[in-house]
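**Q** coords please:
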Amino acid sequence: YIAGSSAMVDFVRSFASGFIFSTALPPAVAAGARAAIGHLRDSTVEREGLHERAATLRRRLDAIGVPHLPNPSHIVPVMVYDPVLCRTISDILLDEHGIYVQPINYPTVPRGTERLRITPSPVHADADMDRLVAALTDVWARFSLKRAA
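**A** This is a model prediction of the structure:
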């Protein structure tokens, strides 16, 4: 409870930590984001690493015949083509292999084009890719999924 002039009540409501909405970024987080953006304006190391990791993953998927959509993005869409199976594969990857991969189903994508969204980052090491490729090899074999040509 607060009592005071309308100007005082408005001031407290606007600046008191208990009244600031939880969706607002804390100042330290906002400052960190601003510093990161400033760094990324001048540095290409992170972008180069991001694209290198995506290209490496694409080559590794090609080697095991797991179908993926070609695109210039760092996002590697692995095609499953079945909504139930897409979710099941995502669950198996997490539950059995400790790898989280987002399933993408209708209405985000058209029916029949369901996929896993894999997003390698510059900090994913070759060992991380080995684990992912082994897990996808297991899942593709388990469900007798179609291999890419």
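
**Q** switch to C-alpha atoms for all contacts and neighbour counts from now on
**A** Fine.

**Q** what mean pLDDT does the longest helix along the chain get?
**A** Across the chain, the longest stretch assigned as helix under DSSP state H is helix 45-64. Average pLDDT, helix 45-64: 96.

**Q** hmm, Arg58 is touching Val76, no?
**A** Yes. Taking Cα atoms under 8 Å as the definition, Arg58 is a contact partner of Val76 at 7.3 Å.

**Q** which residues are common contacts for the two?
**A** Residues touching both Arg58 and Val76 (Cα atoms under 8 Å, 6 or more residues apart in numbering) are His68.

**Q** contact partners for the most centrally placed residue in the chain?
**A** Centroid-nearest residue in the chain: Thr119, 5.2 Å away (criterion: Cα atoms, centre = their mean). Residues in contact with Thr119 (Cα under 8 Å, 6+ apart) are Ala54, His74, Ile75, Val76.

**Q** on that earlier part again, packing partners for the longest helix of the chain?
**A** Packing contacts for helix 45-64, counted by 3 or more Cα pairs under 8 Å, 6 or more residues apart in numbering; DSSP states H and E, involve helix 126-142.

**Q** next, the buried residues of the helix it packs on.
**A** Buried residues in helix 126-142, counted by 16 or more other Cα atoms under 10 Å: Met129, Leu132, Val133, Ala135, Leu136, Thr137, Val139, Trp140.

**Q** which pair in those residues spans the largest distance?
**A** Spatially, the most separated pair among those is Met129 and Trp140, at 16.0 Å (Cα to Cα).

**Q** isn't there a helix covering Val9?
**A** Yes. Under DSSP: H, G, I helix; E, B strand; the rest coil, Val9 falls within a helix.

**Q** if we can go back for a sec, which among the buried residues of helix 126-142 gets closest to Leu40?
**A** Proximity of the buried residues of helix 126-142 to Leu40 (Cα to Cα) peaks at Met129, which lies at 25.0 Å.

**Q** I'd guessed the closest one sits against Leu57; true?
**A** Yes. Between Met129 and Leu57 there is a contact at 6.9 Å, judged by Cα under 8 Å.
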